[in-house]
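I need the structure of the sequence given here:
(4 chains)
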2 protein chains.
Amino acid sequence: MESVFDILAEPNRRAILGLLVSSQQSVGDIERQLQMTQPTVSKHLRVLREAGFVESTVDAQRRLYRLKPEPFQQVDAWLAPFRRFWSAHLDALERHLDRMDNEKDPSTPTKGKTRKRR
Amino acid sequence: MESVFDILAEPNRRAILGLLVSSQQSVGDIERQLQMTQPTVSKHLRVLREAGFVESTVDAQRRLYRLKPEPFQQVDAWLAPFRRFWSAHLDALERHLDRMDNEKDPSTPTKGKTRKRR
DNA sequence: CACGTATATGTCTAATAGGGTATATAAAAA
DNA sequence: TTTTTATATACCCTATTAGACATATACGTG
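Below is the predicted model of the structure:
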């Protein structure tokens, strides 16, 4: 259970994170919404907490869990080099689509950038 | 081994992907650079191929492996909602830093946006 | 054809993780 | 103080997975 990816590999954990993105939740809240047993929720929360994905505060008997940003940023950082790679692919796709457009209407010059970029 | 995250959970597989981001590589190339046994490399490549992370072409006895973009885009898409969340946190951090600046020089009005956005 | 090279696959094993049930802890409510 | 509510943890069991080693397959070369 080293990397952030190990943590995210577990579907229930991803589900929990998905819940927490809207607002903080107690263990019981999560338990009900995801239909998991309470010990299972607690265990996953423990893993998430130790990996820095979530933190908790005490509210009487409840613990309120909320997201922490760092590990997500790690994933994003890991993705960066590949993002460069795949946007190259998207550009190729665009050029391909442009070419198809031009084949339908050959009068249009192939000056590029006819499609809008994101 | 359902989701893209299961695939990425394995460190050797991430290493392989890291190699392939620069250019395509044969199994032997990967084996040498990562110091893994050949069967191990082949098995991980199989997993990666079946998950759509890589594809291969035949070059005599060699197989050349290269990246495919789709699964990376999936990860990026999964990250999107959380990205909104963590950029909110970055904004909060910025506000905090601005406030610290202002405490050093209280004459500066707290009109915000004194730091440049990315 | 025999041999070397490159890759894939099969088998076995050890390690690990996740779920279930029971139980411990702690705080609120009666 | 007893009981109830909320959460954490311990223990056991099972399934999955990665790696090592052996072997199969396929192509090229002498």
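
Show me which residues of chain A sit near DNA strand C.
Residues of chain A lying close to DNA strand C by Cβ under 7 Å from any atom of the strand are A:1, A:6, A:9-10, A:12-13, A:36-37, A:39-40, A:43-44, A:47, A:60-61. In this view, the C-beta of every residue, glycine as well, is placed from N, C-alpha and C.

and of these, the nearest to B:Gly52?
A:Ala9 (16.7 Å; Cβ to Cβ).

Retrieve the pLDDT associated with that closest one.
If you check A:Ala9, the pLDDT there is 98.

and the residue lying closest to it once chain neighbours are set aside, how many residues sit next to it?
Distances taken as Cβ to Cβ, 6 or more residues apart in numbering or on different chains place B:Ala9 nearest to A:Ala9, at 4.1 Å, with adjacent residues excluded. Neighbour count for B:Ala9, taken as other Cβ atoms under 10 Å in any protein chain shown: 21.

shouldn't B:Ala9 be in contact with A:Glu2?
No - the criterion here is Cβ atoms under 8 Å, and B:Ala9 misses it with A:Glu2 at 9.1 Å.

nearest residue to the residue positioned nearest the centre of chain A other than its sequence neighbours?
By Cα atoms, centre = their mean, the mean C-alpha position of chain A lies nearest to A:Phe72, the distance being 7.4 Å. Of all residues not flanking A:Phe72 in the chain, B:Phe82 sits nearest, at 4.6 Å (Cβ to Cβ, 6+ apart).

Contacts only, for the one you found.
Residues near B:Phe82 by Cβ atoms under 8 Å, 6 or more residues apart in numbering or on different chains: A:17, A:21, A:67, A:69, A:72.

And for A:Val4?
A:51, A:53, A:71, A:74-75, A:78.

what do you get if the cut-off is 10 Å, keeping everything else the same?
A:Val4 makes contacts with A:51-53, A:70-75, A:78, B:5, B:8-9, as judged by Cβ atoms under 10 Å, 6 or more residues apart in numbering or on different chains.
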